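K.L.:
A structural model of the following input is requested.
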Amino acid sequence: MSDYDDDVANDDIGYEPTDDYEPTFEETETGLEETRVDVLDDLMTGNEAADLSESKERVTTPYMTKYERARVLGTRALQISLNAPVMIELNGESDPLVIAMKELREKKIPLIVRRFLPDNSYEDWHVKDLIVE
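P.N.:
All right, here's what the predicted structure looks like:
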């Protein structure tokens with residue numbers, strides 16, 4: 001015997017949405033703008049790499065953010081795990097993430113960080129040009 005009197009088919013009794021209900025979300029400005037960052041393979045960009053070698057005035061900071069660092073390390077570790085050539089000397093390391101961290105420390109990662117700006121333009125930075133702390 002059931003305690004619910006076989007009333008399973010009518011689970012939503014008592015819930016009647018009203019037409020005038022609108023959820024309210026208070027939007028508070030935190031002062032932070034949403035930024036999108038892409039990591040590009042240095043070899044795939046082709047002629048865009050030539051544009052980077054020209055000295056342009058850059059708007060964004062030369063420091064690599066923790067989010068860019070995580071994305072670069074993850075992307076490079078994935079490449080290494082898929083048998084991409086390693087750019088440093090290995091001293092017994094076999095973990096792709098450890099190898100990627102060592103490559104980043106030695107600034108040998110062949111990737112480009114693309115930072116999108118609020119006006120829908122972007123800035124490309126070679127990983128070797130970014131300051132990593």
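K.L.:
residue 115: how many residues sit nearby?
P.N.:
Look at residue 115: counted by other C-beta atoms under 10 Å, it has 19 neighbours. Any C-beta I mention is one placed from the backbone N, CA and C, and that applies to glycine too.
K.L.:
which non-adjacent residue is nearest residue 93?
P.N.:
Closest residue to residue 93 apart from its sequence neighbours, by C-beta to C-beta, 6 or more residues apart in numbering: residue 99 at 5.2 Å.
K.L.:
and that neighbour, how many neighbours?
P.N.:
Neighbours of residue 99 (other C-beta under 10 Å): 19.
K.L.:
please export the C-alpha coordinates of stretch 72-88 as CSV.
P.N.:
Below are the C-alpha coordinates for stretch 72-88, written out as CSV (Å, rounded to 0.1, in the frame of the first residue of the first chain):
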residue,chain,number,x,y,z
VAL,A,72,48.2,27.3,-22.3
LEU,A,73,49.4,24.5,-20.0
GLY,A,74,46.3,22.4,-20.7
THR,A,75,46.6,22.9,-24.5
ARG,A,76,50.3,22.1,-24.6
ALA,A,77,50.0,19.1,-22.3
LEU,A,78,47.3,17.7,-24.6
GLN,A,79,49.5,18.3,-27.6
ILE,A,80,52.4,16.5,-25.9
SER,A,81,50.2,13.6,-24.9
LEU,A,82,49.2,13.3,-28.6
ASN,A,83,52.9,12.9,-29.5
ALA,A,84,53.7,16.5,-30.5
PRO,A,85,57.4,17.3,-30.6
VAL,A,86,58.8,18.4,-27.2
MET,A,87,60.7,21.7,-27.3
ILE,A,88,63.0,21.1,-24.3
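K.L.:
touching the lengthiest helix in the chain from outside, list them.
P.N.:
Longest helix of the chain, by residue count under DSSP state H: helix 66-81. The contact list for helix 66-81, computed with C-beta atoms under 8 Å, 6 or more residues apart in numbering, reads 37, 39, 64, 86, 96-97, 99-101, 103-104, 109, 111, 113, 127, 130, 132.
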